[in-house]
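> what would the 3D arrangement of this be:
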Amino acid sequence: MPKLQSPGNSLAIAEAGVSESVAEITVVSGGREDLTVFFAIGLVLDVFLVAAFLVWAVGQWHKTKK
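Have a look, this model is predicted:
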């Protein structure tokens, strides 16, 4: 069974089958910048989807008007 480390020790995660050695070390650097890019891309996609919906809705409205 793999050993779980306490939340206070975030240096490494020991995987099953590895005897007390460090299997992988994950270092998070620039986390805020990565999230900013993620949310900026999401914002652009949201604006595009709303614009596409409005174009579709106006087109449907004009069809029913005739």
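> shaky segments in the protein?
1-31, 66 (pLDDT under 70).
> helices of that one, residue ranges please.
31-65 (DSSP state H).
> how many neighbours does Asp46 have?
By the measure other Cβ atoms under 10 Å, the count of residues near Asp46 is 10. In short, each C-beta sits where N, CA and C put it, glycine included.
> show me what contacts it?
By Cβ atoms under 8 Å, 6 or more residues apart in numbering, Asp46 lies in contact with nothing.
> contact partners for Val37?
Applying Cβ under 8 Å, 6+ apart, no residues contact Val37.
> measure it to Ala51 for me?
Distance, Val37 to Ala51, using Cβ to Cβ, to the nearest Å: 22 Å.
> likewise for Lys63?
With distances taken as Cβ to Cβ, Lys63 is found 19 Å from Ala51.
> give the burial count for Phe53, as a bare number.
For Phe53, the count of nearby residues is 10 (other Cβ under 10 Å).
> now it: how far from Glu33?
As judged by Cβ to Cβ, Phe53 and Glu33 stand 31 Å apart.
> swap in Gly42?
Distance from Gly42 to Glu33, counting by Cβ to Cβ: 15 Å.
> kindly export stretch 56-66 (C-alpha atoms) in PDB.
The C-alpha coordinates for stretch 56-66 follow below in PDB (Å, rounded to 0.1, in the frame of the first residue of the first chain):
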ATOM      1  CA  TRP A  56     -28.000  32.500 -34.900                       C
ATOM      2  CA  ALA A  57     -30.800  34.000 -32.800                       C
ATOM      3  CA  VAL A  58     -31.200  37.100 -35.000                       C
ATOM      4  CA  GLY A  59     -31.300  34.800 -38.000                       C
ATOM      5  CA  GLN A  60     -34.000  32.700 -36.500                       C
ATOM      6  CA  TRP A  61     -36.000  35.800 -35.600                       C
ATOM      7  CA  HIS A  62     -35.800  37.200 -39.100                       C
ATOM      8  CA  LYS A  63     -37.000  33.800 -40.500                       C
ATOM      9  CA  THR A  64     -40.100  33.800 -38.400                       C
ATOM     10  CA  LYS A  65     -40.800  37.500 -39.100                       C
ATOM     11  CA  LYS A  66     -41.300  36.900 -42.900                       C
END
